[in-house]
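Asks: Take a look and give me a structure for this.
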Amino acid sequence: MTKLLKTLHNWIGFIISLIMLVVLTTGIYLGGVDLLKRLDDKGQTYAELTHEDKAEVVAQALALYPDASGVKLPTEQAPYVEAYSREESTYLSTELEKISSVARADNEVWRFIFFFHRNFQLSDPGKHVNAISAILATVIMFIGLYLWWLVRKGFRWKNTLPKNTKNTALIKSHIQLGLIFSVPLLIMAISGAYITYGVRGSSTLVDSREKPVLAQAGDWEAQIVAAQKIWPESELVSVSKPRKEEVGSYLYSLGFNGDNALGLQQTDTIKIDLLTGKLDSAQTFSDKGLMYQLKYAARFLHDGARMPTWYLLILIISSIVGTFMVSFVIVTFARKEILGRMKTRTALRLRKADV
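Replies: The predicted structure follows:
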């Protein structure tokens with residue numbers, strides 16, 4: 001059994017490493033872009049706004065930019081206002097003075113690398129290759145951990161970085177790095193597969209709670225202030241217009257940073273009908289059902305987009321380490337299995353020729 005597991009770990013690991021090398025390097029780029037964006041405060045200093053100030057900022061920003069899909073409010077992570085749409089994001093101070101704007105067309109390199117990371121620019125076939133590779137990578141990592149456990153001798157920090165380029169040094173470094181970074185690498189692999197194949201779900205809460213009229217119809221500011229009073233301790237971070245408008249209804253969403261075990265942001269939502277001022281729903285992350293929570297968590301545990309900056313940094317470092325690990329696999333496997341067998345065959349042919 002151990003011999004079979006080693007063979008599977010080596011051969012499947014080599015094939016998966018070729019795919020993971022692309023996925024990890026593109027992931028480093030995408031994570032790095034997100035990190036740099038977070039570090040860019042656009043010259044603004046975070047100052048906590050009152051509920052009334054936030055409502056006023058949203059109402060005025062939507063009036064200034066009627067084509068915007070929504071407004072993101074200042075946070076410690078991003079201390080500026082963002083009026084965004086599919087075509088463009090406009091960054092503003094809290095006094096709504098324009099700082100800068102970025103058109104989606106300016107992000108063509110990012111878009112290319114994102115879809116190369118997601119599906120190798122091959123649409124659905126590439127998506128499935130990526131997801132299956134993530135599943136196999138998960139299996140390979142567990143096999144590797146099991147094989148190490150059979151012969152474990154404890155941590156040896158001196159083996160973390162290879163002393164030279166010999167196979168033995170690269171393999172020892174591969175094992176040591178795998179032990180240290182196994183958890184974040186497993187999180188990325190499992191969540192990546194779940195994004196493609198995981199069960200989808202929406203809220204399972206039957207919301208039979210009272211749905212009162214919160215404020216005057218058509219009044220953004222008054223409605224947002226009233227909504228914040230439902231969760232006075234939570235932080236309002238975004239207001240989004242409906243994706244599809246319906247006749248006689250205009251349901252918009254307010255996103256809040258609430259408390260949850262994973263530290264995910266923008267997980268709690270309140271929906272209000274602008275035309276009537278009536279509360280439609282108020283649901284925390286725990287209200288939205290297990291399947292919804294898994295879908296949401298997988299998406300952001302995978303890329304760190306709505307996670308704290310320290311978590312995003314761990315993903316980037318783990319991706320860099322993972323790149324070295326799979327590179328070591330490719331080099332050692334190619335030397336041992338491919339070049340080694342070619343040399344053996346050549347030697348056999350020469351012996352036969354001599355005979």
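Asks: Which single helix of this structure contains the most residues?
Replies: The longest helix of the chain (DSSP state H) is helix 2-39.
Asks: I'd like the next helix or strand past that one.
Replies: The helix or strand immediately downstream of helix 2-39 is helix 51-64, counting by DSSP states H and E.
Asks: Show me what whatever helix or strand comes next after that following helix packs onto, helices and strands only.
Replies: Next helix or strand after helix 51-64 toward the C-terminus (DSSP H and E): strand 70-72. If you count contacts as 3 or more C-beta pairs under 8 Å, 6 or more residues apart in numbering; DSSP states H and E, strand 70-72 packs onto helix 51-64, strand 81-84, strand 235-240. Placement of C-beta: from N, CA and C, glycine included.
Asks: Show me where the stretch 201-350 of the chain dips below the pLDDT cut-off.
Replies: Within the stretch 201-350 of the chain, the stretches with pLDDT under 70 are 201-210, 347, 350.
Asks: residues touching the residue positioned nearest the centre of the chain, list them.
Replies: Centroid check for the chain by C-alpha atoms, centre = their mean gives Asp303 as the closest residue, at 1.6 Å. Each residue near Asp303 by C-beta atoms under 8 Å, 6 or more residues apart in numbering is listed here: Gly27, Leu30, Gly31, Asp34, Leu315.
Asks: Buried ones from these, can you make that a PyMOL selection?
Replies: The buried residues among the contacts of Asp303 can be selected in PyMOL (16 or more other C-beta atoms under 10 Å) with this line:
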select buried, resi 27+30+31+34+315
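Asks: helices and strands around the longest helix of the chain, which ones?
Replies: Helices and strands touching helix 2-39, by 3+ C-beta pairs under 8 Å, 6+ apart, are helix 108-119, helix 123-150, helix 290-303, helix 309-333.
Asks: Buried residues, the first one. List them.
Replies: Think helix 108-119. Neighbour counts over helix 108-119 (16+ other C-beta under 10 Å) mark Ile113, Phe114, Phe115, Phe116, His117, Arg118, Asn119 as buried.
Asks: and of the residues you listed, the nearest to Tyr252?
Replies: Among these, Phe114 lies closest to Tyr252 (C-beta to C-beta), at 27.5 Å.
Asks: Would you confirm that that closest one contacts Gly31?
Replies: No - counting by C-beta atoms under 8 Å, Phe114 stays clear of Gly31, with 11.4 Å between them.
Asks: between those two, what contacts are shared?
Replies: With contacts defined as C-beta under 8 Å, 6+ apart, no residue is shared by Phe114 and Gly31.
Asks: Tally up the residues packed near the closest residue to Asn257 other than its chain neighbours, please.
Replies: Leaving aside its chain neighbours, Asn257 sits nearest to Glu235 (4.4 Å; criterion: C-beta to C-beta, 6 or more residues apart in numbering). Glu235 has 19 neighbours, counted by other C-beta atoms under 10 Å.
Asks: go on, the one 5 residues further on?
Replies: Counted by other C-beta under 10 Å, the residues lying close to Ser240 total 18.
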